[in-house]
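# Dropping a prediction and its sequence here:
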Amino acid sequence: MKSAIEKYRKQAAYSKGIRKVSALASLAQALAVVDLREAEETGLKAVSLARKLLGRLEPDDRRSAQYQIILARALFAHAGCLRASLRYAEIKAPLLEALQLWERHEAWDEMIPALILQVEILREQQDTAGALERNQFALAICDQLALRKYYSDLYANEAATRVKRDESELADTAVERALANLRYSPEEQRPSILAQISNVLNSIGKTEEALQSVGQAIEVARRMDNKYLLLRLLFNYSAYTYMLDPRRDYASPLTEAIELARVIGNRAHEAFSHEMYGVRTMRSGEYDRAIRELSQAHDIYREIGSRPDKMRIPAWLGLVYMELGAEELGKAYLKEAVDLLTDKPIRDGSTAVYRIVLDYAPEHLDVEQVIQHLTTSIADTEANNFDALATQEMVLGSALEVRGLFEDARHQYRSALHKLRNFHHPCLKANATLALGRIESRMGKPAEGRSLLLEALRLSESCHEWQTTGRIYSELAAVAEQLGDFKAALRYRTILHAKERAIVLRQANTSVEQLMASESAGQMQLRYEEKLARHAALRQEAETVRKEAAIDALRDEEDAKLLRRIVNQLEEFVLQPGE
């Protein structure tokens with residue numbers, strides 16, 4: 001890679017005209033692997049110079065087509081730099097202009113990589129129908145021109161789009177085709193293709209295979225010294241490791257990603273790595289580490305001015321502090337998150353914020369406005385974008401539940417579960433099932449509620465999210481008490497408080513704090529044991545009363561029989577003919 005960069009630097013330095021533009025575009029693409037800031041500056045220089053050269057030509061100049069194709073190359077190089085820095089909103093204009101220029105002059109071979117990027121962007125924007133259409137257009141070009149080197153990338157993109165449309169079988173078929181054609185792809189493209197395939201495999205429930213796929217991609221990315229791609233792969237490797245077993249080392253890939261982002265000066269990636277580390281430690285109950293990592297992410301997002309991410313971080317921090325019992329500080333962070341919401345689109349980082357605030361501090365929200373906003377967003381979301389719709393319906397259900405509209409909330413939770421039925425989203429399913437079980441028990445159906453909560457517990461244990469699991473145990477205990485099963489309630493409370501005590505003790509700084517936490521948990525368990533004992537005494541007393549009542553009933557029955565015999569004898573005596 002270094003030799004290629006030097007080669008393009010020399011070409012750019014000693015060339016003029018469109019050759020200089022072409023060299024600058026190639027240099028920008030090469031630099032995107034090692035220095036994103038310089039790559040972006042180089043790409044902008046290429047675009048500016050291409051426009052300047054094109055502007056000097058007469059309308060009928062024969063060189064116009066060649067100059068426009070070179071401008072398209074420069075625009076695509078600039079778009080690639082924007083994608084590497086996660087600036088998706090800015091990609092559309094240069095990418096669309098490049099595609100139009102290539103299509104106008106039928107430069108199909110050069111156009112395919114830009115079409116692949118367009119498919120990714122459309123999918124990010126939830127336009128799955130548009131993504132499939134453009135993907136099929138690119139495949140048709142490749143079939144016509146026998147461009148086998150792009151097949152694997154295009155089939156991997158099709159698989160990713162099919163997953164979003166809840167078409168798991170078609171996604172699996174596309175993955176097989178992508179893997180079968182992988183050998184035709186250039187080596188530098190294989191890590192990103194394997195990363196795409198690993199995402200699909202995880203989405204259809206094949207997380208172990210996904211981990212192996214991303215591991216292979218990391219090996220190739222290290223060999224190529226592609227730092228930006230390596231960053232993305234490390235995120236995925238950490239995520240899949242955590243999903244399979246949080247006791248595995250999911251932290252090392254994230255700490256490596258943080259150091260790598262610092263080396264290349266990518267603050268957005270650095271902040272995102274801190275955020276992912278903080279969220280995973282939060283879900284494991286390691287609140288002290290979560291606070292440190294999320295606070296670092298918060299500082300960086302403030303520095304770079306990333307609004308959707310800025311609103312998400314204070315929401316996570318608010319959740320952590322609320323879980324630790326620091327309600328004043330927790331609500332202050334949640335208020336900060338709400339202040340950043342404004343009127344941003346629902347998928348722009350706000351879904352998580354709404355869920356957390358509705359759970360912990362709904363008084364900070366105008367709930368009626370949230371319901372209207374979510375209803376509009378759901379109506380505007382593509383009908384077959386099932387995971388996005390399910391997530392929004394769950395948040396809408398929470399808002400309706402806060403308003404006391406339990407029947408409407410139940411409808412939303414059921415609809416969300418129905419949309420998730422074919423997806424491998426155990427955490428989303430666990431939260432939706434928990435919410436539905438809670439609603440059923442509140443609406444006077446504790447037995448149905450308990451059944452749903454037990455299913456939620458099974459799902460939650462497979463996704464390793466303590467906040468959800470803790471809530472399920474709490475709801476199970478409440479439902480057990482509602483059903484009069486205090487022994488089961490005690491069992492669920494004991495599990496819950498043992499875990500909470502372990503979490504608090506892990507965060508305790510002094511022996512006094514440890515002693516207080518231990519005593520608090522012990523007193524809670526004693527209260528439930530006393531409650532169980534009182535229940536047993538009441539049951540014994542009720543049994544005694546029942547037995548006494550049964551004896552009294554027998555005596556009454558004997559007296560009734562005696563009276564009937566006396567009456568019968570009197571009737572016989574009275575009715576007997578006189579002598």
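That came through, no problem. Model, not experiment: these values are computed from the prediction. Numbers count the residues shown, from 1 in each chain.

# so where's the stretch 351-500 of the chain shaky on pLDDT?
Where the stretch 351-500 of the chain drops to pLDDT under 70, the residues are 424.

# can you pull out the strands in it?
Per DSSP state E, counting those that start in this stretch, the stretch 351-500 of the chain has no strands. Nothing in it meets that criterion.

# does residue 251 really touch residue 277, like I thought?
Yes - because the distance of 6.7 Å satisfies Cβ atoms under 8 Å, residue 251 is recorded as touching residue 277. (C-beta placed from N, C-alpha, C; glycine too.)

# show me the contacts for the residue lying closest to residue 97 once chain neighbours are set aside.
Here the nearest residue to residue 97 in space, its sequence neighbours aside, is residue 75; by Cβ to Cβ, 6 or more residues apart in numbering that works out to 5.5 Å. The neighbours of residue 75, taking Cβ atoms under 8 Å, 6 or more residues apart in numbering as the test, are 47, 94, 95, 97, 98, 101.

# what do you get for residue 139?
Counting by Cβ under 8 Å, 6+ apart, residue 139 touches 151, 154, 158.

# now residue 474
With contact taken as Cβ under 8 Å, 6+ apart, residue 474 is in contact with 492, 496.

# do the same with residue 258
By Cβ under 8 Å, 6+ apart, the contact list for residue 258 reads 270, 273, 274, 277.

# Just the buried subset of these, please.
Among the contacts of residue 258, those that count as buried by neighbour count (16 or more other Cβ atoms under 10 Å) are 270, 273, 274, 277.

# on that earlier part again, who wins for neighbours among the contacts of residue 75?
The most crowded member of the contacts of residue 75, judged by other Cβ atoms under 10 Å, is residue 98 (27 neighbours).

# I'd like the next helix or strand past the strand or helix carrying that residue.
When secondary structure is defined using DSSP states H and E, the element that contains residue 98 is helix 92-104. As assigned by DSSP H and E, the chain's next helix or strand after helix 92-104 is helix 108-124.

# Give me the buried stretch members for that following helix, please.
Burial within helix 108-124, assessed by neighbour count using 16+ other Cβ under 10 Å, is assigned to 108, 111-123.

# quick one: buried residues of whichever helix or strand comes after that helix?
Moving toward the C-terminus from helix 108-124, the first helix or strand encountered (DSSP H and E) is helix 128-145. Burial within helix 128-145, assessed by neighbour count using 16+ other Cβ under 10 Å, is assigned to 128, 130, 131, 132, 134, 135, 137, 138, 139, 141, 142.

# Okay, the first one and residue 289: tell me how far apart.
Using Cβ to Cβ, to the nearest Å, we find residue 128 at a distance of 37 Å from residue 289.

# before we move on, what about the fourth one?
Counting by Cβ to Cβ, the gap from residue 132 to residue 289 is 42 Å.

# what's the neighbour count on the closest residue to residue 401 other than its chain neighbours?
Nearest in space to residue 401, with sequence neighbours left out and distances taken as Cβ to Cβ, 6+ apart, is residue 409 at 4.2 Å. Here the neighbour count serves as a burial measure; for residue 409 (other Cβ under 10 Å) it reads 25.

# After the lowest-mean-pLDDT helix or strand in the chain, which helix or strand is next?
The helix or strand of the chain with the poorest confidence is helix 2-14; it has a mean of 66 (mean pLDDT, DSSP states H and E). On the C-terminal side of helix 2-14, the closest following helix or strand by DSSP H and E is helix 17-31.

# That next one to helix 108-124, inter-axis angle?
Counting by axes from the mean of the first three to the mean of the last three Cα atoms, to 10 degrees, helix 17-31 lies at 40 degrees to helix 108-124.

# And helix 17-31, what's buried?
Applying a neighbour-count criterion of 16+ other Cβ under 10 Å, the buried positions in helix 17-31 are 18, 20-31.

# same thing with stretch 187-207?
Within stretch 187-207, the residues that qualify as buried by neighbour count (16+ other Cβ under 10 Å) are 189-204, 206-207.

# about what we covered before: make TSV from the buried residues of helix 108-124 and add distance to residue 179 and pLDDT to it.
Rendered in TSV, the data for the buried residues of helix 108-124 read as follows (distance: Cβ to Cβ, whole Å; pLDDT from 0 to 100):
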residue	distance to residue 179	pLDDT
108	25	81
111	25	85
112	19	87
113	20	85
114	24	87
115	21	89
116	17	88
117	21	86
118	23	86
119	19	89
120	19	85
121	24	84
122	24	84
123	20	84
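
# What sits closest to residue 371 if chain neighbours are left out?
Taking Cβ to Cβ, 6+ apart, and ignoring the residues beside it in sequence, residue 371 has residue 399 as its nearest neighbour in space, at 4.9 Å.

# burial count for that neighbour?
26.

# ditto for residue 317
Summarising burial for residue 317: neighbours were counted as other Cβ under 10 Å, giving 26.

# re earlier: between the buried residues of helix 128-145, which is closest to residue 361?
Nearest to residue 361 out of the buried residues of helix 128-145 is residue 128 (Cβ to Cβ; 34.7 Å).

# Would you agree that closest one is in contact with residue 161?
Yes - in this structure, residue 128 is within contact of residue 161 by Cβ under 8 Å, at 5.3 Å.

# so what's the residue lying closest to residue 375 once chain neighbours are set aside up against?
Taking Cβ to Cβ, 6+ apart as the measure, residue 375 lies nearest to residue 396, with 6.8 Å between them; neighbours along the chain are not counted. Applying Cβ under 8 Å, 6+ apart to residue 396 gives the contacts 371, 374, 375, 378, 412.

# Look up how far residue 554 lies from residue 547.
Summarising the geometry, the distance separating residue 547 from residue 554, computed by Cβ to Cβ, is 11 Å.

# again, but for residue 230
Computed with Cβ to Cβ, the distance linking residue 230 and residue 554 is 84 Å.

# Who has more neighbours out of those two?
Counted by other Cβ under 10 Å, residue 230 and residue 554 do not tie: residue 230 has more neighbours, with 23 against 10.

# Roughly how far does the more buried one sit from residue 383?
Where residue 383 is concerned, residue 230 sits at a distance of 37 Å (Cβ to Cβ).

# just residue 146 next, same as before
Applying Cβ to Cβ, the value for residue 146 to residue 383 is 37 Å.

# mind putting the contacts of residue 139 in a markdown table, secondary structure and neighbour count included?
Formatted as a markdown table, the contacts of residue 139 follow (DSSP: H, G, I helix; E, B strand; the rest coil; neighbours: other Cβ atoms under 10 Å):
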| residue | secondary structure | neighbour count |
| --- | --- | --- |
| 151 | helix | 20 |
| 154 | helix | 26 |
| 158 | helix | 26 |
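
# For residue 564, state which of these is nearest.
Ranking these by separation from residue 564, with Cβ to Cβ as the measure, puts residue 158 on top at 86.8 Å.

# for stretch 313-323, what is the average pLDDT?
Mean pLDDT, taken over the full extent of stretch 313-323, equals 88.

# Other residues contacting it?
Here stretch 313-323 makes contact (Cβ under 8 Å, 6+ apart) with 275, 278-279, 282, 287, 290-291, 294-295, 297-298, 301, 327, 329-334, 336-337, 340, 352-353, 356-357, 360-361, 467.
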